[in-house]
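*Asks:* Need coordinates for the following:
(one chain, ligands or ions: 1)
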Amino acid sequence: MTDALYMDDAYLQKWDAKVVSVNDDKYIILDQTAFYPKGGGQPCDEGIIRRGEDMFKVVYVGKFSGKISHEVEKAGLKVGDSVSCELDWERRYKYMRYHTASHLLSNILYRKANAKITGNQIELDKTRMDFSMNDYSPEKLSAFVDEANEIIKKNLPITIDYMSREEVIGKPELARLAIGLPKNVNRFRIVKIGELDEQVDAGTHIKTLIEIGQIELIKTVNKGKDNRRMYFVIKNIK
Ligand SMILES: [Zn+2]
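*Replies:* Numbers count the residues shown, from 1 in each chain. Predicted coordinates for the structure are as follows:
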């Protein structure tokens, strides 16, 4: 099993590793990695794997049968190689800011409108959230975004915790995704925003809310009560 370093330290950008398997010359498994594999609405990381002077660009990272596989641009890495790895940090950090921002918004949607998240997709230039919501209006969403920006100013800390399946089932607000909890998992990673929010989540997050900057609602779409949609961007506070 690869040690997924991003689970406990989202700010780790450089680390050493060993190549434990190579498939088709370009699918690499490492003994430990901070490359985030695509999942949970968060795109995968990109970056570089170095062996001495040799550089292998990481173009895709996915999780297959529980293993984190790194697709590199060229052949040459061998089992047993000692390598050093480095994330494209600008890309990853943007995803962290967007991911935490979407937790904050989903918290407000849930508390104020009993809305459940049915889908979300983080991108570098915007993030989309889909949700169910009975009493919907674009003005309401706009007010929720204003509230999120007020909460950001309080600069709450974001922390990681772990809970058993029983503990998670006892707190339904922990898993606001409409699809529910994954089966066959007994230890859940929890992402907390101060005392405000707790979510079952495997993504990477910032340490403090202020790092989000400011959230701006750019578009709302309404396709019925189970299918509302919003797009938002994050901006640096001037
Ligand atoms: Zn999340």
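*Asks:* Packing partners of the lengthiest helix in the chain?
*Replies:* Under DSSP state H, the helix in the chain containing the largest number of residues is helix 89-113. If contacts are counted by 3 or more Cβ pairs under 8 Å, 6 or more residues apart in numbering; DSSP states H and E, helix 89-113 sits against strand 116-122, strand 127-132, helix 138-153, strand 187-193, strand 197-200, strand 214-222, strand 228-235. To be clear about C-beta, it is placed using only N, CA and C from the backbone, and glycine gets the same treatment.
*Asks:* can you give me the angle that helix makes with strand 214-222?
*Replies:* Between helix 89-113 and strand 214-222, the angle comes out at 60 degrees (axes from the mean of the first three to the mean of the last three Cα atoms, to 10 degrees).
*Asks:* starting at the chain centroid, how far to helix 89-113?
*Replies:* For helix 89-113, the separation from the chain centroid amounts to 8 Å (computed by Cα atoms, centre = their mean, to the nearest Å).
*Asks:* Also stretch 167-177?
*Replies:* In terms of Cα atoms, centre = their mean, the centre of stretch 167-177 is set 18 Å apart from its chain centre.
*Asks:* do stretch 81-92 as well
*Replies:* Counting by Cα atoms, centre = their mean, stretch 81-92 is centred 17 Å from the centre of its parent chain.
*Asks:* Any buried residues in the helix or strand harbouring residue 168, and which?
*Replies:* Following DSSP states H and E, one finds residue 168 within helix 165-169. Neighbour counts over helix 165-169 (16 or more other Cβ atoms under 10 Å) mark residue 168 as buried.
*Asks:* In terms of secondary structure, what does it contact?
*Replies:* On a contact count with 3+ Cβ pairs under 8 Å, 6+ apart, helix 165-169 meets strand 187-193.
*Asks:* relative to helix 138-153, how tilted is the strand it packs on?
*Replies:* Using the same axes, to 10 degrees: strand 187-193 against helix 138-153 is 90 degrees.
*Asks:* Can you list the strands that strand 187-193 pairs with?
*Replies:* The strands beside strand 187-193 in its sheet (DSSP bridges) come out as strand 158-164 (antiparallel), strand 197-200 (antiparallel).
*Asks:* The shortest one: how far from the chain's middle?
*Replies:* It stands for strand 197-200. 13 Å.
*Asks:* and what of the first one?
*Replies:* Its chain's average C-alpha position is 15 Å from that of strand 158-164, according to Cα atoms, centre = their mean.
*Asks:* wait, does it make contact with the ion?
*Replies:* No. Figure legend: strand 158-164 not in contact with the ion (Cβ under 5 Å from the ion); closest approach 11.1 Å.
*Asks:* Can you add mean pLDDT, distance to residue 38 and mean neighbour count and give the helices and strands packed on helix 89-113 back as TSV?
*Replies:* TSV is the format used below for the helices and strands packed on helix 89-113 (pLDDT from 0 to 100; distance: least, Cβ to Cβ, whole Å; neighbours: other Cβ atoms under 10 Å):
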stretch	mean pLDDT	distance to residue 38	mean neighbour count
strand 116-122	92	10	18
strand 127-132	95	15	21
helix 138-153	97	26	16
strand 187-193	94	17	18
strand 197-200	92	18	21
strand 214-222	96	23	15
strand 228-235	96	20	18
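*Asks:* can the ones you listed go into a markdown table with extra columns for distance to residue 74?
*Replies:* Output for those, formatted as a markdown table (distance: least, Cβ to Cβ, whole Å):
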| stretch | distance to residue 74 |
| --- | --- |
| strand 116-122 | 28 |
| strand 127-132 | 32 |
| helix 138-153 | 42 |
| strand 187-193 | 34 |
| strand 197-200 | 38 |
| strand 214-222 | 38 |
| strand 228-235 | 34 |
